[in-house]
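*Asks:* Provided below for reference: sequence and predicted model.
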Amino acid sequence: MSTQRYSVTPHPIETLLTWVKSGEIAIPEIQRPFVWDATKVRNLLDSLYQGYPIGYLIVWRNPTVKLKDGSLSAGKKILIDGQQRVTALMASLLGRQVLTKDYETVRIRIAFNPLEEKFEVANPAIQKNSIWIYDIAEVFSPESSIIDLTDDYAKRNPDIDIRPVSKVLENLRKIVNNHVGIIDLAEDLDIETVTEIFIRVNSAGAELSQADFAMSKIAANETYGGNMLRKAIDYFCHLAVAPEFYLKIKEGDKQFAQSDFFAKMSWVKDVNDDIYDPSYTDMLRVAFTSEFRRGKLQDLVALLSGRNFETKQYEDEIARESFSKLKTGILQFMNQTHFERFVMILRSAGFITSDLIGGQNAVNFAYILYLMGRNESLHPDKIERLVRRWYVMSMITGRYSGNPETAFDLDIRQIDAQGLENYINAVIGAQLSEGFWTTLLPQQMETSSAISPYFLTYKAAQVKLDDKGFLSRDITVRDLVLNRLDVHHIFPKNYLKKKGLHRGKYNQIANFVLTQSEINIAIGDKSPEIYFNELGGQCNGGEVKYGGITQHAQLRENLRRNAIPETMIDNKIPDFDDFLTQRRSLMAARIKEYFDLL
């Protein structure tokens, strides 16, 4: 039986709030700002008033670290579960402002009716009704006494028997004496164990990622500027999605607005590109892996705590160096030149819209390679080629789709050992053999997912190869992709449904093609035998029904570029299964043709 690695102790809510105010327990603001709506705050207070339990809080003490003079510094406790509940109590009982999910600073006021002993979210109607105490923070103010509160209530409600009100207000104030259980985790527990405890205790079954723990470590450290660094990460990611957020930062967080971080991210306010909108997890992965040459974020958590991997001790100097390196990585990530040129590389590979971007971790590692290439002073053209090819290889092989952290760690360590260019070329050569293109990739393309990495890459290939849309004389696939047009079926969907085929069959990506809506409408539910025969007539001087192609050579070239068997215009229409098999091979060949140009 293993030794218990935690303690559970009940503490009065008043004590807990005192600890938070004094900083003995830090609220690291992991994941997000305050996301509860006011009704959940009301319900929490009602539970406390009724004497119901409100769940456990989980705190995890930072390790004790060795300082330069040899002395030891006890780590601060970090609240890793219960942030929303504690913030709700701080807001409602102490009148503290909270930062909402829209990054607006607001006061949450909860009203109380002492006659009915009922809580409600404060509103203008309640404010006008003297029966209600508009804001219960008044009741919990250190300057307030029960006598004063009762007298004030009596003056506003002269016809009410005030004796029960006094007793009710006393009961209300006593809710801070209610106990809440605090699970205190041992400082030497690893992240996996802490995560497992969190999931088992948390009734909602919410998950904490290793990036969450890293953000908690960053936010809780003021000595090395972690609190400001956490804001830089969070703000940049929010700004990338909502450029208008710039003014909220500038006006709502004056301290941050005067920092170097704010100056270095201000360019994002003028960008509306959504090719790469990173989350804080993406940003941490890229910054950490590129600077520390490690791929597992649990190592970042340990390093930010000051862990010496050789001695197994915690040292303040390592924590200081780790925060400094992470700050460098974050600044490199948000650098305008780096970010915009990386996005330009993705575009140059045919990934011209966010709809074509698949596998965020593949994008993240591609950015890592870009930053490392710049750091090694490789020629820009060489960096572009290496990044393009690695990203596409990662997409179509699913390199980071399983356990991305393990793959990141393996790749970055091998790059360190073998060199950036050598490793990339070696991996691509091994992964994308002739057998991959002729056998494995066509097999993997047997899918009905329009967002599969294979179909996304195929569309990017058509963009890069400057292909025309199916049966289009002038409209390119690039035009179609930029206009967000849907894919269409070569063997029409309703035609196949009438033959009894199910969705997973008729929606195979090998049956998808990009074409103009008017061409798709003209084809309708016609069988391929009919409309391909009419296409042949169209190229022999007959009626032009589909697009504007009127020459046999043009039609054959259009079919070739759209990976469709050219024999179909010679009245040799294969059955649907044979068609899918043929087209998968042709699509794979087009992707190879494209890859060789990258």
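*Replies:* Sure thing, it's come through. Numbering: from 1, shown residues only.

*Asks:* which residues in the stretch 301-450 of the chain form helices?
*Replies:* Ranges of helices in the stretch 301-450 of the chain, per DSSP state H, counting those that start in this stretch, are 316-334, 336-348, 360-375, 380-397, 404-418, 420-431, 434-435, 441-444.

*Asks:* Throw the ones you listed into CSV and include mean pLDDT, mean neighbour count and distance to Gln538, thanks.
*Replies:* (Each C-beta comes from the backbone N, C-alpha and C, glycine too.) Formatted as CSV, the helices of the stretch 301-450 of the chain follow (pLDDT from 0 to 100; neighbours: other Cβ atoms under 10 Å; distance: least, Cβ to Cβ, whole Å):
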stretch, mean pLDDT, mean neighbour count, distance to Gln538
helix 316-334, 95, 19, 53
helix 336-348, 97, 17, 35
helix 360-375, 96, 22, 42
helix 380-397, 97, 21, 35
helix 404-418, 94, 17, 49
helix 420-431, 96, 16, 43
helix 434-435, 96, 8, 38
helix 441-444, 97, 18, 31
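
*Asks:* Nearest to Asp81, out of the ones you listed?
*Replies:* helix 404-418 (22.4 Å; Cβ to Cβ).

*Asks:* got a list of contacts for that closest one?
*Replies:* 210, 285, 289, 293-297, 361, 365, 368, 372, 399-400, 423-424, 426-427 (Cβ atoms under 8 Å, 6 or more residues apart in numbering).

*Asks:* average pLDDT for stretch 36-54?
*Replies:* Averaging pLDDT along stretch 36-54 yields 91.

*Asks:* For that stretch, what is the distance to the chain centroid?
*Replies:* 30 Å (Cα atoms, centre = their mean, to the nearest Å).

*Asks:* Buried residues of that stretch, list them for me.
*Replies:* Across stretch 36-54, burial judged by 16 or more other Cβ atoms under 10 Å covers Trp36, Ala38, Val41, Arg42, Leu44, Leu45, Asp46, Ser47, Leu48, Tyr49, Ile54.

*Asks:* measure the third one to Lys21 for me?
*Replies:* Using Cβ to Cβ, to the nearest Å, Val41 is found at 18 Å from Lys21.

*Asks:* follow-up on the earlier one: and which of the buried residues of stretch 36-54 is nearest Ala510?
*Replies:* Using Cβ to Cβ, the buried residues of stretch 36-54 come closest to Ala510 at Trp36, 47.6 Å.

*Asks:* Looks to me like the closest one is in a helix.
*Replies:* No. Secondary structure assignment (DSSP: H, G, I helix; E, B strand; the rest coil) places Trp36 in coil, not in a helix.

*Asks:* List the residues that contact it.
*Replies:* Gln84, Thr87, Ala88.

*Asks:* Met587 too?
*Replies:* Pro442, Met445, Tyr454, Tyr458, Ile509, Ala510, Ala563.

*Asks:* Recalculate using a threshold of 6 Å.
*Replies:* Contacts for Met587 (Cβ atoms under 6 Å, 6 or more residues apart in numbering) come out as Tyr458, Ala563.

*Asks:* again, but for Ala154
*Replies:* Ile162.

*Asks:* Now it: which helix or strand?
*Replies:* helix 146-156 (DSSP states H and E).

*Asks:* any idea of the mean pLDDT for that helix?
*Replies:* Here the average pLDDT along helix 146-156 is 91.

*Asks:* Run through the neighbouring helices and strands of whatever helix or strand comes next after it.
*Replies:* Following helix 146-156 in sequence order, the next helix or strand is helix 163-173 (DSSP H and E). Applying 3 or more Cβ pairs under 6 Å, 6 or more residues apart in numbering; DSSP states H and E, one finds that helix 163-173 contacts helix 146-156.

*Asks:* if we go to 10 Å?
*Replies:* helix 38-50, strand 110-113, helix 146-156 (3 or more Cβ pairs under 10 Å, 6 or more residues apart in numbering; DSSP states H and E).

*Asks:* Now do it: everything it contacts.
*Replies:* Identification of contacts with helix 163-173 by Cβ atoms under 10 Å, 6 or more residues apart in numbering yields 14, 45, 48-49, 93, 112-117, 119, 133, 136, 139-140, 144, 146-147, 149-151, 153-154, 157.

*Asks:* what distance separates that helix from the centre of its chain?
*Replies:* 47 Å.

*Asks:* Do I have it right that Gln443 meets Arg584?
*Replies:* Yes. Under the criterion of Cβ atoms under 10 Å, Gln443 makes contact with Arg584 at 7.9 Å.

*Asks:* which neighbours do the two share?
*Replies:* Joint contacts of Gln443 and Arg584 (Cβ under 10 Å, 6+ apart) do not exist.

*Asks:* Nearest to Ile197, out of the helices and strands packed on helix 163-173?
*Replies:* Across the helices and strands packed on helix 163-173, Ile197 has its closest neighbour in helix 38-50 (22.8 Å, Cβ to Cβ).

*Asks:* Now do that closest one against helix 163-173, angle only.
*Replies:* Interaxial angle, helix 38-50 versus helix 163-173 (axes from the mean of the first three to the mean of the last three Cα atoms, to 10 degrees): 110 degrees.

*Asks:* I would like the residues contacting helix 38-50, please.
*Replies:* Residues outside helix 38-50 that contact it (Cβ under 10 Å, 6+ apart) are 13, 34, 36, 52-55, 84-85, 87-89, 91-93, 98, 106, 108-112, 117-123, 136, 168, 171-172, 174-176, 178, 180.

*Asks:* Quick check on those: which are buried?
*Replies:* 13, 34, 36, 54-55, 84-85, 87-89, 91-93, 98, 108-112, 119-120, 122, 136, 168, 172, 175-176, 178, 180.

*Asks:* Narrow these to those in strands?
*Replies:* Judged by DSSP state E, the buried ones among the contacts of helix 38-50 include Val98, Ile110, Ala111, Phe112, Phe119, Glu120, Val180 as members of strands.

*Asks:* Run through the bridge partners of the third one.
*Replies:* Looking back up the chat, that one is Ala111. Glu120 (DSSP bridges).

*Asks:* Now find how far off-centre the helix holding Ala154 is within its chain.
*Replies:* The answer for helix 146-156 is 51 Å, by Cα atoms, centre = their mean.

*Asks:* tell me which of the ones in strands among the buried ones among the contacts of helix 38-50 is nearest to His338?
*Replies:* Val98 (34.4 Å).

*Asks:* who's in contact with the residue with the largest distance to the centre of the chain?
*Replies:* The centre of the chain is farthest from one residue, Asp159, which by Cα atoms, centre = their mean lies 57.1 Å away. Under the criterion of Cβ under 10 Å, 6+ apart, Asp159 has no neighbours.

*Asks:* cool, and Ala366?
*Replies:* 276, 286, 342, 345-346, 349, 359, 386-395.

*Asks:* The same query, at a cut-off of 6 Å, please.
*Replies:* Taking Cβ under 6 Å, 6+ apart as the test, what Ala366 contacts is Val387, Trp390, Tyr391.

*Asks:* One more: Asn308?
*Replies:* Applying Cβ under 6 Å, 6+ apart, the residues near Asn308 are Glu315, Ile318.

*Asks:* Same check on Lys77?
*Replies:* Ile25, Val59, Arg61.

*Asks:* Okay, and the beta partners of the last one?
*Replies:* Bridge pairing for Arg61 (DSSP bridges) gives the partners Lys77.

*Asks:* Is there a neighbour count for it? I'd like the number.
*Replies:* 17 (other Cβ atoms under 10 Å).

*Asks:* That one reaches Leu185, doesn't it?
*Replies:* No. Look at Arg61 against Leu185 with Cβ atoms under 6 Å: they stay out of range, at 7.2 Å.
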